[in-house]
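Asks: Sharing a model prediction with you, sequence too.
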There are 2 protein chains.
Amino acid sequence: MATIKDVAKAAAVSTATVSAVINDSAYVSPPLRARVQAAIHELKYEPSQMARNLKKGRSELIALIVADLANPFFARMVWAAEAAVAAWGYSLVVFNSDEKPENERKALARIRALSCDGALIVPVGLPAHYAQRDAEGRSFPTVLFGRVVDDRQSDTVTIDNVAAASQVTNYLLDLGHTRIGSITGPLHLTTGRGRLDGMLEAMARRGVAPEPGHVRSGEFREDVAYSVAREMLDRPDRPTALYVANGVMALGVMRALADLSIHCPNDISIASTDTISGIGGLRPRLTRTEHPIIEMTNEALRLLVDRIQRGKDKPPRNVVFQPALVLGESCAPLRRG
Amino acid sequence: MATIKDVAKAAAVSTATVSAVINDSAYVSPPLRARVQAAIHELKYEPSQMARNLKKGRSELIALIVADLANPFFARMVWAAEAAVAAWGYSLVVFNSDEKPENERKALARIRALSCDGALIVPVGLPAHYAQRDAEGRSFPTVLFGRVVDDRQSDTVTIDNVAAASQVTNYLLDLGHTRIGSITGPLHLTTGRGRLDGMLEAMARRGVAPEPGHVRSGEFREDVAYSVAREMLDRPDRPTALYVANGVMALGVMRALADLSIHCPNDISIASTDTISGIGGLRPRLTRTEHPIIEMTNEALRLLVDRIQRGKDKPPRNVVFQPALVLGESCAPLRRG
DNA sequence: AGAATATGGCGAAACGATTAGCTCGGTGTC
DNA sequence: GACACCGAGCTAATCGTTTCGCCATATTCT
């Protein structure tokens, strides 16, 4: 590769002038500028981003750590993040913590080593200090996404999980259901806990409560939801309606229903929270809340880039999005008797 | 951040010694080593990957350009690639060309600027010279994935598309179908062209050919497949079986069938090539070929890392994977009459 | 004993850019 | 004509590492 020195030599100017031409950082007379540009073209010179980064102390890299890359929800987030990051002139480095604190720790170390300019993190959920302050007391630009952890340093972008679950549950209650069950996510995550709380609250407001055994917690995984659903639904006292905590799990539940020959919505009503691409082909269409994941990701990156480019010392901001209820055909009014 | 100089000063040694301690690159006497390590700990020193990279001329970054990040197939590939890359000690920078040559060009430029050590590329399909040789004639380590383009410089990892389509088509023929239609991918891509060719070949071997209007090409997108299917299938002379070129499109076709109240497999048999996660919840289960995307991605990264670490001048290798036919319930024998 | 050989550690030159500070003519003002 | 001022371009220091070559000292060989 040609370096800036080669160009300087070829154009018979100093490296400072070449730099000025490249960056438009100072006035260079037309003849010189032309010579420099000719030399650049001639030598196929491209400035080394690495050298530039070292000097300027930034890397134009933004890191994304997601909790589960195999989950289509987060895959979609990667898609949105790549586009947003590119639009801001950065590149995206992707990490998968796979819900394991250990992997998250490794990724964070790697991010510091690469001197990424900032990080968008779907935390695994342990209370942690993500926005570690360095020696000078400046904190590393960080936006936490989707899950709330006890971190008063970082910006956060989340969805109102309680509201999402309440909306869905109220809809089921309005259809006359009272024997409502739920397959929840992990309860140490706000996305798991909050959705269960929202459901319980909504039921409590109508003076009902789920029966024991009708609320089962699991992981946000298709196969786990499948087995939990098979077990819960293959008995006479099964619920008449089921609230499933996320889209991936809903797929598992639908698969279980098919295997058990339970018809939805005739035999049981199913509703869920959040959505995943590909769910569109499912019949019956699922009644669910949709989360504006693209808008959320864009907003998160707006916050992040703002923190990178403007001050790192602004107070943290917390943006909460509202979910929207979308009706499918997976729920039916309770049949008496 | 503390630098190597600070550490050297604190431990009263030279920076060379600190470097030797960090990298284990030379013998350092126990007392000195201890002093240095103490200083490192004391100052919370972490070597700057950026400075290191500049000096050593590598970045420990591997780039991945996929043709369509919104496609679950490629999302899954990102998942596999992140894991593999991390296992090799690299980090993954993700780009989305969105099937646009212009975006791919930009991504390639960015990759060079970041001095990534290598790139795994799902090419948009234009004949191009990906493994550009630099001034010294060494080519940039590149592996092309999934689609064949005219590039004799790069390693490639692909699937045998013709075989995939043939298998599926033969299965439909064995069920007695002869009025077989197809919704194909873009024919300028080998994944599109090859699958159509495989289907036509298989039919030709049995002395049949699709009727005009029963082969329609589109894009690898759910919505495009949906509208093409609606149009093709909403007429009396519709095919009795349909071969759909990929998983995303199959979802769109199933959606069209539901809207048209055409029952699968009673009224029409559907089969497709490749698979996507989430398709598991679909009923009836799709008869399809499965592509070993994880193994393919792992193999591609093995080739890439090998090329990065061993010679860049080995002759290019081309690995072709074979698809496997997986039977679902979306196909039924032809009903005479 | 003196020469040859090893060995631990240091000094300083890279890597490829940016940028502060300087030089050196040319203008403008009084 | 002397003075300050300005603007284009250059020199050289710097970012934080790695690494080549060198220098003492200690060990071994003849």
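Replies: Received, thanks.

Asks: ok, now how distant is the closest residue to A:Ala80 other than its chain neighbours from A:Trp88?
Replies: The spatially closest residue to A:Ala80, leaving aside those adjacent along the chain, is A:Thr297, at 3.9 Å (C-beta to C-beta, 6 or more residues apart in numbering or on different chains). No exception for glycine: its C-beta is placed from N, CA and C like everyone else's. Taking C-beta to C-beta, to the nearest Å as the measure, A:Thr297 falls 12 Å from A:Trp88.

Asks: List the residues that contact A:Val21.
Replies: A:Val21 sits next to A:28, A:32-33, A:36-37, A:40 when contact means C-beta atoms under 8 Å, 6 or more residues apart in numbering or on different chains.

Asks: Doesn't it belong to a helix?
Replies: Yes: if the criterion is DSSP: H, G, I helix; E, B strand; the rest coil, then A:Val21 is within a helix.

Asks: For it, give its distance to DNA strand D.
Replies: 9 Å (C-beta to the nearest atom of the strand, to the nearest Å).

Asks: Same question for A:Phe95.
Replies: In terms of C-beta to the nearest atom of the strand, A:Phe95 sits 22 Å off from DNA strand D.

Asks: And the contacts of the host helix or strand of that residue?
Replies: Using DSSP states H and E, A:Phe95 sits in strand A:91-96. Strand A:91-96 is contacted by residues A:60-66, A:68-69, A:78, A:81-82, A:85-86, A:103, A:107, A:110-111, A:114, A:116, B:61, B:78-79, B:82-83, B:86, B:91-95, B:110, B:114 when judged by C-beta under 8 Å, 6+ apart.

Asks: so of those, which ones are in helices?
Replies: Judged by DSSP state H, helices contain the following of those: A:78, A:81-82, A:85-86, A:103, A:107, A:110-111, B:78-79, B:82-83, B:86, B:110.

Asks: what's the most distant pair in those residues?
Replies: A:Asn103 and B:Arg110 (26.6 Å; C-beta to C-beta).

Asks: Just the closest residue of the stretch 1-150 of chain A to chain B, please.
Replies: Minimum separation of the stretch 1-150 of chain A from chain B (C-beta to the nearest C-beta) falls at A:Ala75, amounting to 3.6 Å.

Asks: before we move on, what SS does the residue nearest to that residue when sequence neighbours are not counted have?
Replies: Take A:Ala75 and drop its neighbours on the chain: the residue closest to it by C-beta to C-beta, 6+ apart is B:Ala75, 3.6 Å away. Of the three states, B:Ala75 takes helix according to three-state DSSP.

Asks: looking at it, B:Ala75 is touching B:Leu69, isn't it?
Replies: Yes: shown here, B:Ala75 and B:Leu69 form a contact pair, counting by C-beta atoms under 8 Å, at 6.6 Å.

Asks: where do the contact lists of these two overlap?
Replies: Contacts common to B:Ala75 and B:Leu69, judged by C-beta under 8 Å, 6+ apart, are A:78-79.

Asks: Any residue of stretch A:33-46 touching chain B?
Replies: Yes: contact between stretch A:33-46 and chain B, assessed by C-beta under 8 Å from any C-beta of the partner chain, occurs at A:44, A:46.

Asks: Show me how the record splits chain A into domains.
Replies: Split into domains by automatic domain parsing, chain A comes to A:4-47, A:59-159+A:293-322, A:161-291.

Asks: What's the end-to-end length of the first one?
Replies: Going back to what we said before, that points to domain A:4-47. Start-to-end span of domain A:4-47 (C-alpha to C-alpha, to the nearest Å) is 7 Å.

Asks: got a pLDDT number for the residue lying closest to A:Ala38 once chain neighbours are set aside?
Replies: Nearest non-adjacent residue to A:Ala38, counting by C-beta to C-beta, 6+ apart: A:Ala11, 7.2 Å away. pLDDT, A:Ala11: 92.

Asks: Settle this for me: A:Ala11 is touching A:Arg33, isn't it.
Replies: No: using C-beta under 8 Å, A:Ala11 makes no contact with A:Arg33, being 9.6 Å away.

Asks: For the two, indicate the residue with more neighbours.
Replies: A:Ala11 (22 against 17; other C-beta atoms under 10 Å in any protein chain shown).

Asks: residues in contact with the closest residue to A:Arg317 other than its chain neighbours?
Replies: Nearest residue to A:Arg317 in three dimensions, chain neighbours excluded: A:Asp155, at 5.0 Å (C-beta to C-beta, 6+ apart). By C-beta under 8 Å, 6+ apart, A:Asp155 lies in contact with A:142-144, A:300, A:303-304, A:307, A:316-319.

Asks: Sort out for me which of those are in helices.
Replies: Checking the contacts of A:Asp155 against DSSP H, those in helices are A:300, A:303-304, A:307.

Asks: tell me which of the residues you listed is nearest to DNA strand C?
Replies: A:Arg307 (20.3 Å; C-beta to the nearest atom of the strand).

Asks: and the nearest residue to that closest one once chain neighbours are set aside, how many residues sit next to it?
Replies: Spatially, and ignoring its direct neighbours in sequence, A:Arg307 is nearest to A:Pro141 (4.3 Å; C-beta to C-beta, 6+ apart). A:Pro141 is flanked by 22 other residues according to other C-beta under 10 Å.

Asks: for A:Pro141, phi and psi?
Replies: The phi and psi torsions at A:Pro141 (degrees, to the nearest 10) take the values phi -60, psi 120.

Asks: Show me the shaky parts of the stretch 101-250 of chain A.
Replies: When residues are selected by pLDDT under 70, those of the stretch 101-250 of chain A lie in A:127-138.

Asks: Show me the helices in it, by range?
Replies: Residue ranges of the helices in the stretch 101-250 of chain A, as given by DSSP state H, counting those that start in this stretch, are A:101-113, A:161-174, A:190-205, A:222-233, A:247-260.

Asks: can I get those helices in JSON lines with distance to B:Asp197 and mean neighbour count?
Replies: Compiled in JSON lines, the helices of the stretch 101-250 of chain A are given as follows (distance: least, C-beta to C-beta, whole Å; neighbours: other C-beta atoms under 10 Å in any protein chain shown):
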{"stretch": "helix A:101-113", "distance to B:Asp197": "43", "mean neighbour count": "18"}
{"stretch": "helix A:161-174", "distance to B:Asp197": "48", "mean neighbour count": "22"}
{"stretch": "helix A:190-205", "distance to B:Asp197": "46", "mean neighbour count": "21"}
{"stretch": "helix A:222-233", "distance to B:Asp197": "35", "mean neighbour count": "20"}
{"stretch": "helix A:247-260", "distance to B:Asp197": "34", "mean neighbour count": "24"}
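
Asks: Turn the ones you listed into CSV, columns for distance to B:Asn246.
Replies: Formatted as CSV, those follow (distance: least, C-beta to C-beta, whole Å):
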stretch, distance to B:Asn246
helix A:101-113, 31
helix A:161-174, 32
helix A:190-205, 31
helix A:222-233, 21
helix A:247-260, 19
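
Asks: The ones you listed: which one's closest to DNA strand D?
Replies: helix A:101-113 (9.8 Å).
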